[in-house]
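Asks: just the structure for this:
(chains A and B)
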Amino acid sequence: MTGEDKPRVAFFDFTGCEGDQLQVINLEDRLLDLVEVVEVVSFREAMSEHGDDYEIAFVEGGVATAHDERRLTDIRDNADVVVALGSCAAFGGINALRNHQDFETVKERVYGEDADSITSYPIARPIEDVIEVEYEIPGCPIDREEFLGAVTALVNGAEPSIPNYPVCLECKFAENTCAFERGETCLGPITRGGCSATCVSAGTHCWGCRGMVDHPNEDAYTDVLEANGLTTEEVIEEYQLYWGWQRNQVAVADGDSQPVADGGER
Amino acid sequence: MSHTIDVEGDLVTRVEGHGSVVVNAEDGQLDTCEWRVVESPRYFESMLVGRSFEESHHVTSRICAICSVSHTIASLQATEAALGVSVSEQDRRLRKLALYGETLQSHVLHLGYLALPDLVGEKSVLPLADTHEDELETVIDLHRLGNELTEVVTGRSVHAQRLLPGGFSQLPDESDLQALLDRLVNSWDAVAELADLLAVLADELPAFERETEYISLTHPEEYALAEGTIYSSDVGELPVSDYRDVANEYVVEHSTAKFARHERESYMVGALARFNNNADQLAPRATEIADRFGLDAPVHNPYLNNVAQLVEVAHLLGESVRLIEALLDDGLTPQSNYHVPEIDPTAGQGIGAIEVPRGVLFHEYAYDDTGEVTEANCVIPTNQNHGNIQRDMETLVPTIVDQPEDEIKHTLEMLVRAYDPCISCSTHYLDVEFVGGEG
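Replies: Take a look at the predicted model:
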C-alpha cells in the first residue's frame, strides 16, 4: 500500500455537493483496485489523513469565495496535473445557475436581513477561471467508468480521453426514443457525450450536465435540431441549468455581450 | 493551562458549511466555547426562483450528493403539495425504497468508513484492505446494497433520474426487484458482523448526557421516514405547516450558518431523535440491535447517535424487504418507459417534509400560475443541529477542561462526528491547534 513508485494523488472539494468524490467511493471494491495503482494522500470524504505532496490533484466544486481562490492556487502550486472533477469545477455547473441574477437580490433571498454579513463572489466560477487546468472530467455527477479510464490513462502517462461528440450519438446507440419525438426538449444535440445518454435511457431527457461540446456551432447534432426547427443559439439561450457560466463564455467568444462581473468579493 | 482549540476550517468545507471548534480556558475556567460554522454559500433558494416546477427537484438534488435522493423527494413533495398533484400508492412505495437505499448507504458510509478505521487505529478505510479484509468486504457489500437499492428504483444512486413530480419516468424491472429482495434477505449476517465491530466502539463512547428537545417526524402506522407530521419530545405532535416555528432559525455572531431553536435553546434531529420519538415502531431486528447495545428510549447521550444509525440500518433492511414483497405481490402497474405525469400548474404553495439520514428536512416552494418558482425555502438537518452541538460543548467542556489537550480534542472530535453533520465534516478529523502557554 505504501508503494513509493505509485503516483500520489489528492482529492479536493470546493463549493459543490461532493457527488463526484462520492462517485469515487461508490466504486466500492474497485476503489481498492485503484489504490493498488495510485497512492491517495488526501481525500477528505473518505480519510482523515492529509498530505501536500502529490502529483495529481482532482478538484471538485466551484469557486465562490476569495478563500476558495487562495486554497486553489496552493493546490496548483503543489500539483503537476490538475483535473477538474465534475461540472461545477469544469465549467461552472449548477452553481452558476444564479449568475444571471442580481447578486444583492440573491443574498437577500437566502439570508434576509443578514445578507450583508455574507461574503462571496457575486458569481460562481469554475476552477479553470482561477487556475490552469490540464484535464476536465465533466458530469453531474461524474461517470465512474470515465473516471477510472482517466486515472488509468494518467497513470500510464497518456491523456484522458473525453468525448467531443453530442449525447445524441450515444442516445442512438442506446436505441432510445428521441425526446423531441416525445414532445420534450432535450439538450442532447449540443451536450458533450460520454454518459451513454444515461438520463434519456432513464426515461427523461438530457439536462446538459456534461456541458456543451467544444464548438457548439460546429459540433452540434444539427439533424435533430433542424428537424425540430431549433438553432444551436436558441437552445443555448433558453437552457441554462448547468450553463450559467459556459453560455456566457460562448457569447463573449462570439462578441455578443460583455463578460460577466469578475472576482470582487462582496 | 490556556488552551485554544482551533480547527483548520478550510478543510472542513461542505455544502452545509465548514466547522471549527474554539475553546479557550484559563486555569480550568472556561472562557470561550464556540461551534463556528462558516458556510460557503451556494444560494439554492435563489437559484430556484424563475425555474419551472419540472426542474426544482433536479436542481435541489445538487444541494448534497450524499442526500441527493432525500432532497429530490422532499422537493417533489413540496412541488406536488403546491400544485395539488397526487401520487399513486405504488409510486409512494417506490420513493420510500429509494429513500431507504440512500439512508442505508449514508449510514453504512458513516459507520463503516469512519467508525471502523477508528476502531483499528487507522486514518481511513483503505489500509483495512490489508489488515481487515473480511470486515471491509462486509462494509462494502452493505454500502453497495444501499446504492443498488436506489439505483434499481431511480436509475442512479447519485442525483436520481427517474423521480418526477407526480411519479416516475420509468419503473424498475420486477426481476431486478426480486434480485434485490434476495440480497436483502441474505444481508442479516452482514448487519450482525457490523454490529459486532461497532460493539467495541460503543464501549469507548463517552458517558456524557444532556437532555434536549428531540424533533423528528412521526407517523401513526410506521417508523416515520418518508412521510409524517412533526413530533417534538417536549410538546408532542405539530403540523408540518408549523415547520418555520419549529426550525426557528437565528443568526449567531460567530457563525454564518444559521442555528435553530424551538422550545429550548437548541434541539437535536437525526437517528437518535427518531429513535427517541418512535422506537416502538422499529422493525423487530432493529429492536434486537437496540437491546444488544442497551439503547432504551429516551437516550440523552448524543454519542449514541452512531448506535441509533446502526439500529436504523437493520430497520431499513427489514422495511425494504417488506416493501419489495408488497410491490411484487401486487405486481407493478405498467407504464411507458418515458412517462411524464400530466400536471396543469396552478399558483400555490407547498411544503415537503421527510426524514433523511441526518434528520428532518423541509423544502417549501411557492409557484405562480405558470408553474415557475417565486419563492423557496430549504431547512437542512445539519443546520438544525448546530445549536445543539454548541450547547453540548458548553456542558461537556467544563467537565473535561483539565484533561490533556489530546483527550479534549479527541472527545470533541467524536462529539461532532456523532452528529454526522455530513460525511465530510464527520470524516475530517478536527485538526486542533493549541496555542497559548501555561496559565
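
Asks: in which helix or strand would I find B:Tyr100?
Replies: According to DSSP states H and E, B:Tyr100 maps onto helix B:89-110.

Asks: could you export that helix as CSV, keeping only the C-alpha atoms?
Replies: C-alpha atoms of helix B:89-110 as CSV (Å, rounded to 0.1, in the frame of the first residue of the first chain):
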residue,chain,number,x,y,z
GLU,B,89,-49.6,4.2,-3.7
GLN,B,90,-47.1,2.3,-6.0
ASP,B,91,-45.0,5.4,-6.6
ARG,B,92,-45.1,6.3,-2.9
ARG,B,93,-43.7,2.8,-2.1
LEU,B,94,-41.0,3.1,-4.7
ARG,B,95,-40.0,6.5,-3.4
LYS,B,96,-39.7,5.0,0.1
LEU,B,97,-37.4,2.3,-1.3
ALA,B,98,-35.2,4.9,-2.9
LEU,B,99,-35.0,6.9,0.3
TYR,B,100,-34.3,3.8,2.4
GLY,B,101,-31.5,2.8,-0.1
GLU,B,102,-29.9,6.2,0.3
THR,B,103,-30.2,6.3,4.1
LEU,B,104,-28.7,2.8,4.2
GLN,B,105,-25.7,3.8,2.1
SER,B,106,-25.2,7.0,4.1
HIS,B,107,-25.4,5.3,7.5
VAL,B,108,-23.0,2.5,6.3
LEU,B,109,-20.6,5.0,4.9
HIS,B,110,-20.6,6.9,8.2
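
Asks: where does pLDDT dip in the stretch 51-200 of chain B?
Replies: Scanning the stretch 51-200 of chain B with the threshold set as pLDDT under 70 gives B:118-119.

Asks: repeat that with 90
Replies: Applying pLDDT under 90 to the stretch 51-200 of chain B picks out residues B:110-136, B:194, B:196-200.

Asks: get me the contact residues on it for chain A.
Replies: Counting by C-beta under 8 Å from any C-beta of the partner chain, the stretch 51-200 of chain B comes close to chain A at B:51, B:55, B:58-59, B:62-66, B:68, B:109, B:113, B:117, B:123-127, B:129-130, B:136-137, B:140, B:143-144, B:147, B:155-159, B:161-162, B:164, B:168-170. Placement of C-beta: from N, CA and C, glycine included.

Asks: let's see which of these end up in strands.
Replies: Judged by DSSP state E, the subset of these located in strands is B:164, B:168.

Asks: any of the residues of the stretch 51-200 of chain B next to chain A buried? List them.
Replies: Burial by neighbour count, judged by 16 or more other C-beta atoms under 10 Å in any protein chain shown, picks out B:51, B:55, B:58-59, B:62-66, B:68, B:109, B:113, B:117, B:124-127, B:129, B:136-137, B:140, B:143-144, B:147, B:155-159, B:161-162, B:164, B:168-170 from these.

Asks: burial measure for B:Val397, as a count.
Replies: Using other C-beta atoms under 10 Å in any protein chain shown, B:Val397 is surrounded by 21 other residues.

Asks: what's the answer for the one 10 residues further on, then?
Replies: Using other C-beta under 10 Å, B:Glu407 has 11 neighbouring residues.

Asks: ok, it to chain A distance?
Replies: 17 Å (C-beta to the nearest C-beta, to the nearest Å).

Asks: what sits against A:Gly149?
Replies: Neighbouring residues of A:Gly149 by C-beta atoms under 8 Å, 6 or more residues apart in numbering or on different chains: A:160-161.

Asks: you'd agree B:Ile215 is in a strand?
Replies: Yes. The assignment for B:Ile215 by DSSP: H, G, I helix; E, B strand; the rest coil puts it in a strand.

Asks: show the pLDDT at the closest residue to chain B within the stretch 151-266 of chain A.
Replies: Using C-beta to the nearest C-beta, the closest approach of the stretch 151-266 of chain A to chain B is made by A:Gly203 at 3.2 Å. What the model reports as pLDDT for A:Gly203 is 97.

Asks: helices - which of the buried ones among the residues of the stretch 51-200 of chain B next to chain A land there?
Replies: Judged by DSSP state H, these include B:58-59, B:68, B:109, B:117, B:129, B:136-137, B:140, B:143-144, B:147 as members of helices.

Asks: which residue packs closest to the residue most central in space within chain A, ignoring adjacent ones?
Replies: Nearest to the geometric centre of chain A sits A:Ser87, at 1.3 Å (C-alpha atoms, centre = their mean). Closest residue to A:Ser87 apart from its sequence neighbours, by C-beta to C-beta, 6 or more residues apart in numbering or on different chains: A:Gly93 at 3.4 Å.

Asks: rewinding a little: residue contacts, the residue nearest to the centre of chain A?
Replies: The neighbours of A:Ser87, taking C-beta under 8 Å, 6+ apart as the test, are A:93-94, A:138-140, A:209-211, A:242.

Asks: next one: A:Ala84 from B:Ala98, what distance?
Replies: Per C-beta to C-beta, to the nearest Å, A:Ala84 is found 29 Å from B:Ala98.

Asks: and for A:Asp20?
Replies: If you measure A:Asp20 against B:Ala98 using C-beta to C-beta, the figure is 21 Å.

Asks: show me which of these two is the more surrounded one.
Replies: A:Asp20 (33 against 28).

Asks: and that one, what element?
Replies: helix A:19-25.
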